[in-house]
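**Q** Quick check, what structure comes out for this input:
(one chain, ligands or ions: 1)
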Amino acid sequence: MKVLIVFTHPNANSFNHALLENIQAGLESSGNEVLVKDLYQEGFNPILSAAELAELHKGKIPPRIAIEQKQLLWADSLVFIYPLWWFDRPAILKGWFDVVLTNGLAFEYSSEGVKGLLKHKKAKVIITAGGSKQYFIDNDALQLIHRPVTDGTLSFCGIKDVSHKIYYDIANLSDNERLAILEETKHSGQNF
Ligand SMILES: Cc1cc2nc3c(=O)[nH]c(=O)nc-3n(C[C@H](O)[C@H](O)[C@H](O)COP(=O)(O)O)c2cc1C
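**A** Numbers count the residues shown, from 1 in each chain. Alright, predicted model coming up:
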């Protein structure tokens, strides 16, 4: 499979980056072709400008958007790795969706309503959270974690086979717990 990993964390020494390294190693060890899109490292501009929006409304794809879309369409599967920031994805990832998932490429409006156009076989979403699972349960907030990316974006664009992994309470994990998560992540890449 061709897998595009969209990675979102500003720090190359973060636990999120270790998750990236492990899933990439797992995916590659079982013969998948992997392209990593590290949004912070490449300085991705998350702002969809007025000029770009005007071009899109005329049916033209601005060059920098065309490059992103080529990478997206190259892949048959997608992986997203990011920390939960204010019950959502970091803004730079939201901006990547704004810029790349354009009307006509990712979805279209038809007389039967909105139709998702992405043909990706599946997607995996890996999220780390500072809060404990109990915190999310007590605050009736578990469903908020899935909403922005899986329900609000991937499902809207037609990708139905989406699996999740959420790692809670990151700051309180022991070294052994971290190692176990990294091992699990590598295996999930091998078996993707
Ligand atoms: C701007 C910001 C917003 C955050 N918002 C949340 C949040 O809404 N819920 C939560 O559980 N943790 C939140 N956190 C904690 C991060 O999710 C946590 O630090 C991260 O998952 C740890 O992964 P890392 O060690 O790779 O950075 C936030 C952290 C930052 C910096």
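**Q** can you give me the strands in this structure?
**A** Along the chain, counting by DSSP state E, strands occupy 2-7, 33-38, 77-83, 107-110, 113-116, 122-128, 162-167.
**Q** mind putting the ones you listed in TSV, mean pLDDT included?
**A** As requested, these are exported to TSV (pLDDT from 0 to 100):
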stretch	mean pLDDT
strand 2-7	98
strand 33-38	98
strand 77-83	98
strand 107-110	94
strand 113-116	94
strand 122-128	97
strand 162-167	94
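**Q** and the gap between the spatially most central residue of the chain and Ile170?
**A** Taking C-alpha atoms, centre = their mean, the centroid of the chain lies closest to Phe80, which sits 2.6 Å from it. Here the criterion is C-beta to C-beta, to the nearest Å. By it, Phe80 lies 17 Å from Ile170. Where C-beta positions appear, they are placed from N, C-alpha and C, glycine not excepted.
**Q** Ok, Lys70 next?
**A** According to C-beta to C-beta, Lys70 and Ile170 sit 34 Å apart.
**Q** neighbour-wise, which of those two wins?
**A** Ile170 (19 against 9; other C-beta atoms under 10 Å).
**Q** Now for the residue nearest to that one when sequence neighbours are not counted, how many residues are close by?
**A** In space, and not counting its chain neighbours, Ile170 is closest to Thr128: 4.9 Å by C-beta to C-beta, 6 or more residues apart in numbering. Around Thr128 sit 22 other residues, with neighbours defined as other C-beta under 10 Å.
**Q** can you offset everything so residue one is 59?
**A** Right, with 59 as the first residue, what we last looked at is Thr186.
**Q** Would the least confident helix or strand in the chain by mean pLDDT count as contacting the ligand?
**A** Ranked by mean pLDDT, DSSP states H and E, the helix or strand of the chain with the weakest confidence is helix 200-204, at a mean of 90. No - Helix 200-204 stays clear of the ligand (C-beta under 6 Å from any ligand atom), getting no nearer than 8.6 Å.
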